[in-house]
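[1] this is the structure alone, sequence omitted:
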């Protein structure tokens, strides 16, 4: 039954000679090409769409980008959400995503299906690059396939596919690994250039997954430099250090290129964050996004808590069943399942000690660190990382590390399969015993929790399905392991012949994994909704509410009506980006701080009770609403149930559609005003108290306390808009005695004003007016005033001011 040392050595030599065929990606690429349409079919068919943030936030962003470029306008600032928003600094605007930028250049009206397919294609691209990296490690082709399947459709890549920005950040991780590895091993400056570009793309994601990916890649590069020097220069320590330095030069070049390409947008985002609604996230606030330890069970039983169903049926943490967790986490954010066969492979590799092999030791350690990070306040590790690692305190959800956990486990599962099919037989793991261990753990933990919370009938079907998947995985892996030693040369002699048991077994293993992932990680309430639900986000929509608003909104030389979309559903608030409607609210977790404080704007207003008012904006019938030019308000319920302070006649009902009541505010003011007097005011105190000075704001402008000059009687002037674009606005002013031109657009330090002469353009001080808006002082006569969004100049001014301050 056993094998002699001589036989084992002979097998090892034969395997090394067969390595080129062993590492060929042809079978893996073929099987991945077959698997991808199957796993993506619910979305590929057009029946389903990637829901939630993918539609409510990211699709309108892409459509705004495409429409702006098509009409020759700059997409760096958007007037269509939150009264005006600096897209160039927003991590979720996708302005710096090459793939979506290319789509926007090609298609001026991108549809939801095309955007979803591009995301799917990017995921497969990342998996393919991971396969190439695996081939470079000279692992078996089946390892590349399993790693790619787990990477593309496992853990958060499946359960959180709607978080487009974070998905894209992870997609580029294996691309960066491939480029960095070749930069180091080949000491190639060409690969260093490519690595720098990819690192910049990851950094431009400016989300927590991107940050963690950059930390992992930095550690990976240092590990590879050290490992390469050990493998290549065993002769002397002097030669080893010389080799390390030779590797560091192209690696430093890659890092320099990455910093250079990403520095400006990252700095802009950092500056925006300083003045935002969330300049930093404290440890306790971040801890509310921790991964509860019970959710680690989803590695084995993905739907044990009912995460694929309706929110009312979910009983995992946090939910009403776990009312004391203090967590704020959606039910799909804890999904870690990468498949039964990969999970069994990981246990087998752990039992045999393969996960500590030099080839993958780094990935085992990195996976452990990411688990500690994801667990957040449930271990002391995250508090240390939150205080010590730059950038961590900018993000609110350590559970985002689940993206990295899935990717790292995918690599380790691939390596485990490589060892199973290439290891001489006595070294192979006890697959059956490991399956019993895994199944027992899954059953024990699931039943224990289900009994504790009275959810046994709900948990048993999910547990049964997972145990069946595990049983089938154990049978197929046992078959693969036996087939791999049929001729005494492990897999390759039999694998060279078409239809060999080994290759057939691996194909069956791949098919089983695809079926497993399609079933357990396939469409759910969090990852797929009927495509028809999002018809309102089609650029050519026939939706009654959008049609009614477009027909009523006026945009002329003095008046530009703003609207509000409240309580109409999760995907509605950013529909204004798609349809060019200037909305005073929207959907975004990152907003201008002074605007949020003044208006009460929250992340979202998909539900009626999410509409918050503030002291300065206590009701729709208020001074700030009028200054904003808020003319039309579309609500999902009668407006009085949202704003009980309204009196009869304050708002006029002008339309009733299938989903909305549309009201008109008759007191909304024009976009441009001409003030003949100015009053100094403490804006922070005004925001806090909500008490406006008793002045007519159609003729008096409120400026910051130290801004007004000498006041004197002035005759009225006129102002009219001659050009209105995203980042440039021209206004013609005519006044006999001078005064102040007031533009009721949101003040921001990156906007500048100038006076246009016949051949010159003279800068003008841009004043913050009426708490939120812009004003310039003008001399008597006729003037052409230009307002221009210049983020680089504004950022440099901010940095200079910050350096001068103690």
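    Yes, it's here. Since this is a predicted model, take the numbers as computed values, not measurements. Numbering: from 1, shown residues only.
[2] quick check, central residue of this protein?
    With distances taken as Cα atoms, centre = their mean, the residue of the chain nearest its centroid is residue 165 (2.7 Å).
[3] lowest confidence element among the helices and strands of the protein?
    One helix or strand of the chain scores below all others by mean pLDDT, DSSP states H and E: helix 492-495, with a mean of 42.
[4] ok, residue 131 touching residue 150?
    No - contact between residue 131 and residue 150 fails when scored by Cβ atoms under 8 Å: they sit 11.6 Å apart. Any C-beta I mention is one placed from the backbone N, CA and C, and that applies to glycine too.
[5] so where's the stretch 451-600 of the chain uncertain?
    For the stretch 451-600 of the chain, the stretches flagged by pLDDT under 70 are 485-501.
[6] now do the buried residues in the longest helix anywhere in the chain.
    As assigned by DSSP state H, the longest helix anywhere in the chain is helix 237-274. Residues of helix 237-274 classed as buried by neighbour count (16 or more other Cβ atoms under 10 Å): 240, 243-244, 246-248, 250-251, 253-255, 257-258, 261-262, 265-269, 271-273.
[7] I'd like the distance between residue 402 and residue 174.
    Counting by Cβ to Cβ, to the nearest Å, the gap from residue 402 to residue 174 is 17 Å.
[8] and the contacts of stretch 797-806?
    267, 271, 749 (Cβ atoms under 8 Å, 6 or more residues apart in numbering).
[9] can you name the residues that contact the second one?
    In other words, residue 271. 89, 795, 798-799.
[10] my guess is residue 653 meets residue 660, correct?
    No - counting by Cβ under 8 Å, residue 653 sits too far from residue 660 to count as a contact (10.7 Å).
[11] and these two? which has more neighbours close in?
    residue 660 (24 against 11; other Cβ atoms under 10 Å).
[12] give the contact list for the spatially closest residue to residue 559 that is not a sequence neighbour.
    Distances taken as Cβ to Cβ, 6 or more residues apart in numbering place residue 670 nearest to residue 559, at 4.8 Å, with adjacent residues excluded. Counting by Cβ under 8 Å, 6+ apart, residue 670 touches 558-559, 629, 744.
[13] tell me the pLDDT at residue 670?
    Residue 670 carries a pLDDT value of 98.
[14] for the stretch 101-250 of the chain, give me the ranges with low pLDDT.
    For the stretch 101-250 of the chain, residues meeting the criterion pLDDT under 70 lie at 228-241.
[15] what ranges does it have for its helices?
    Here the stretch 101-250 of the chain has its helices, by DSSP state H, counting those that start in this stretch, at 112-136, 141-153, 155-159, 164-186, 189-205, 208-232, 237-274.
[16] what packs against the second one?
    Read it as helix 141-153. On a contact count with 3 or more Cβ pairs under 8 Å, 6 or more residues apart in numbering; DSSP states H and E, helix 141-153 meets helix 26-44, helix 112-136, helix 340-352, helix 402-422, helix 501-520.
[17] out of these, flag the one nearest residue 316.
    helix 402-422 (13.8 Å; Cβ to Cβ).
[18] can you list the low-confidence ranges for the stretch 651-800 of the chain?
    If you take pLDDT under 70 as the line, the stretch 651-800 of the chain has these spans: 706-711.
[19] at 80 instead, please
    For the stretch 651-800 of the chain, applying pLDDT under 80 flags the ranges 705-712, 758-759.
[20] which residue ranges of it form helices?
    Ranges of helices in the stretch 651-800 of the chain, per DSSP H, counting those that start in this stretch, are 683-689, 791-804.
[21] turn those into CSV, including mean neighbour count and distance to residue 553.
    Formatted as CSV, the helices of the stretch 651-800 of the chain follow (neighbours: other Cβ atoms under 10 Å; distance: least, Cβ to Cβ, whole Å):
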stretch, mean neighbour count, distance to residue 553
helix 683-689, 15, 28
helix 791-804, 13, 28
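[22] in CSV, list those helices along with distance to residue 200.
    Compiled in CSV, the helices of the stretch 651-800 of the chain are given as follows (distance: least, Cβ to Cβ, whole Å):
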stretch, distance to residue 200
helix 683-689, 38
helix 791-804, 17
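[23] for the ones you listed, which one sits closest to residue 335?
    Of all the helices of the stretch 651-800 of the chain, helix 791-804 comes closest under Cβ to Cβ, at 37.6 Å.
[24] quick one: that closest one to chain centroid distance?
    Distance of helix 791-804 from the chain centroid (Cα atoms, centre = their mean, to the nearest Å) equals 28 Å.
[25] kind regards, and thank you for your time.
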